[in-house]
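*Asks:* Fold the following for me, if possible:
(2 chains)
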Amino acid sequence: MTFNYVIKDEVGIHARPAGELVKKAKELSSRVTVSCNGKSADATKLMALMSLGVKKDMEVTVTVEGDNAEADGAQMKVFFEANL
Amino acid sequence: MEQFQGKSIFNGIAIGRILFYSKNQKQVKRTKIEDVEAEIVRYEQARETAISQLNMLHEKAAAEVGEVNAQIFEVHAMMLADEDYNDSVLNMIRQQEVNAEYAVAATGDNFAEMFENMEDEYFRARAIDIKDISERLLNVLTGGESGGNIGDEPVIIVAEDLAPSETVQMDKDKLLSFVTRLGSSNSHTAILARTMNIPALIGVQIQESWNGKMAVVDGYHGVLYVNPTDEVLEKMQKRQDEDKAKRELLQKLKGKDDVTKSGQAIRLYANIGNVSDLASVLQNDAAGIGLFRSEFIYLESGDYPTEEEQFKIYKQVAETMAGKKVIIRTLDIGADKQVDYFQMEHEENPAMGYRAIRICLTRQEIFKTQLRALFRASAYGNIAIMYPMIISVDEVQQIKQIVEKVKKELDEADIRYGKVEQGIMIETPAAAVISDLLAKEVDFFSIGTNDLTQYMLAIDRQNSKLDNFYDAHHEAVLRMIQTVVDNAHAAGIWAGICGELGADMTLTDKFLDMGVDELSVSPAFVLPMREIIRNHG
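*Replies:* Residues are numbered from 1 along each chain as shown, chains lettered A, B, ... in the order given. Reported below is the predicted structural model:
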């Protein structure tokens, strides 16, 4: 499954929430990818995520793949809304 | 004496000797290794040690400078757990059969470079985090000490750049100031300087030859003086003493209620003219904002500011004040405050002309845009709205109708807003005289003494020839204030003063006796006023 999300956090996907995202993504069995501006990063990789340079008001596409994609995707959505 | 300009990231004065801090630059040699697997084990162990060091630093920093500043070490630990970083190191060891030190140094450089080339300042600043974790791994691998030892005497630290792990390990009692060539106002060192209340400069062209020299850091002007003259030293010493007295007052009065000895509670608020003033509101511990002059949004803009632009600013102020009262005055331009794009005609007597609420009531689209932004922002804090230059009950009723329209539109669009107190400025003699009638229409009064005095005495404040005739304490003005306060109380609403007179400390006792409920003053006056209020019988 795939969803789009516009970043609300003042400094974007910065160190702290990126760290939280990595933790969350590692809990899930699905493969989570975050894409923005033609670049994409595996959500379990902190530096790759940060190097996307995602700032406030930018739209990211989150792709969740795997047997559990629907449920994991819903969890990811909740995470983005609460943290980013 | 030499003088160097930099960018200040925290105000204050520091006087002391310079310690030129250079990292123990490790010369990392590339060596070919025989046993690849053993080298990988060596790296993995170093990584574990580094992570446990970071966990300890996290605890130390949380205790010393607070969890927010300490979080960086948790992030560093996560960076060390990053797969890409580790894969890069492990690959180099395997493929090139090189020592772990070299693989770490090369990987660190590559990743740091990736961030250094990013567009956004915040992300660029992360390069130093990568260097910091790589440095830490190198220190563990080579058995060296990581930085932080700055000796026994208090010093001004001058460095190319400082990593968070270095600053946090420095003995806080020995730190007078930071001066660096690199770094940004977003860097952790900058945040730390702010938390520790020590002046800090960045962007200074530093020189190693300064080591051991006397220096002054003037954080107010972003200037570093090396080998200062006696004159500069004396001046800075005086400024430092003033700061110290202020800090002591703050220590003594911060968090204290604004209540007189007899139990009369006063709302002691701050006046601000820009979002950048918020920091000083918080530093001086005002109980709220009594006058937020929204004009700056219009004055700084090249065209009518949009609802969205305004909303963001009001929301930021409301959120920063975290539930404390924020009274925002609607557009008050005209007279001495002119904005080109409003295309106002020349007036013979602008102080009595087309200004403030008069513009808002004739050009309602401008007014409605501001009101919508204000109501939307009210969902994020405790916003109150105040209307300037009122002379009649009719005006207030017109405003209330427009407000109802705005609220209805927001309801229809399903946009939420909070409960908003609405008040008026009492700054015309007309409003003061009929304040009994006006009090039935609004939630509060705020007396604007600057205009009220000039209109009552018929003295133009801009004309210096009239200074001899001007009496800020004129009995007519004081009686008028008493009338307004009494009328407010009779109708069950509160009345405050937000003009210059409010901060006139020779009148504070009088205002308290008059029953004034609120005083809104420049942030710097809040604590001295608090002292007077708390000593009032």
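
*Asks:* Can you pull the residues of chain B lying near chain A?
*Replies:* Taking Cβ under 8 Å from any Cβ of the partner chain as the contact definition, chain B meets chain A at B:71-72, B:74-75, B:78-79, B:81-85, B:111, B:114-115, B:118-120, B:122-123, B:126, B:129-130. Bear in mind the C-beta positions are built from the backbone N, C-alpha and C, glycine included.

*Asks:* Please repeat the previous calculation with a cut-off of 10 Å.
*Replies:* Remark: the part of chain B in contact with chain A comprises B:68, B:71-72, B:74-85, B:87-88, B:111, B:114-115, B:117-126, B:129-130, B:186, B:188, B:316, using Cβ under 10 Å from any Cβ of the partner chain.

*Asks:* how is chain B carved up into domains?
*Replies:* Listed by automatic domain parsing, the domain ranges of chain B are B:1-23+B:147-241, B:27-142, B:263-535.

*Asks:* now the residues of chain B next to chain A: which count as buried?
*Replies:* Those of these that meet the buried threshold are B:71-72, B:74-80, B:82, B:84-85, B:88, B:111, B:114-115, B:118, B:120, B:122-126, B:129-130, B:186, B:188, B:316, by 16 or more other Cβ atoms under 10 Å in any protein chain shown.

*Asks:* Any idea which residue of the stretch 351-500 of chain B lies closest to chain A?
*Replies:* Per Cβ to the nearest Cβ, B:Tyr380 is where the stretch 351-500 of chain B lies closest to chain A, at 12.9 Å.

*Asks:* On the three-state scheme, B:Ala384 is what?
*Replies:* Of the three states, B:Ala384 takes strand under DSSP: H, G, I helix; E, B strand; the rest coil.

*Asks:* Make sure I have this right: B:Val326 is in a helix.
*Replies:* No. When the secondary structure is assigned by three-state DSSP, B:Val326 falls in strand instead of a helix.

*Asks:* from what I can see it touches B:Ser294, true?
*Replies:* No. Taking Cβ atoms under 10 Å as the contact criterion, B:Val326 and B:Ser294 are not neighbours in contact, 11.2 Å apart.

*Asks:* what is in contact with these two at once?
*Replies:* Contact criterion Cβ atoms under 10 Å, 6 or more residues apart in numbering or on different chains; residues bridging B:Val326 and B:Ser294 by contacting each: B:Tyr314, B:Val317, B:Ile385.

*Asks:* what's near enough to touch the last one?
*Replies:* Translated: B:Ile385. Each residue near B:Ile385 by Cβ under 10 Å, 6+ apart is listed here: B:294, B:314, B:326-330, B:370-371, B:374-375, B:378, B:399, B:403, B:420-424, B:443.

*Asks:* Among those, which ones are in strands?
*Replies:* Mapping these onto strands (DSSP state E) picks out B:Val326, B:Ile327, B:Ile328, B:Arg329, B:Glu421, B:Gln422, B:Gly423, B:Ile424.

*Asks:* Please name the residues that touch the last one.
*Replies:* Contacts here follow Cβ under 10 Å, 6+ apart; on that basis B:Ile424 touches B:329, B:357, B:385-390, B:395-396, B:399, B:431, B:435, B:438-439, B:441-446, B:448.

*Asks:* Narrow those to those in helices?
*Replies:* Using DSSP state H to define helices, the subset of the contacts of B:Ile424 located there is B:Ile357, B:Glu395, B:Val396, B:Ile399, B:Ala431, B:Ser435, B:Leu438.

*Asks:* Kindly reformat those residues as TSV and extend each row with pLDDT and neighbour count.
*Replies:* Compiled in TSV, the ones in helices among the contacts of B:Ile424 are given as follows (pLDDT from 0 to 100; neighbours: other Cβ atoms under 10 Å in any protein chain shown):
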residue	pLDDT	neighbour count
B:Ile357	95	23
B:Glu395	97	20
B:Val396	98	21
B:Ile399	98	23
B:Ala431	98	26
B:Ser435	98	24
B:Leu438	98	27
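
*Asks:* And those residues, which is closest to A:Ala69?
*Replies:* Within the ones in helices among the contacts of B:Ile424, proximity to A:Ala69 (Cβ to Cβ) peaks at B:Ile399, which comes in at 54.4 Å.

*Asks:* what about the one helix or strand A:Gln75 maps to, near chain B?
*Replies:* Using DSSP states H and E, A:Gln75 maps to helix A:69-83. No. Counting by Cβ under 10 Å from any Cβ, chain B has no neighbours in helix A:69-83; the shortest distance is 13.6 Å.
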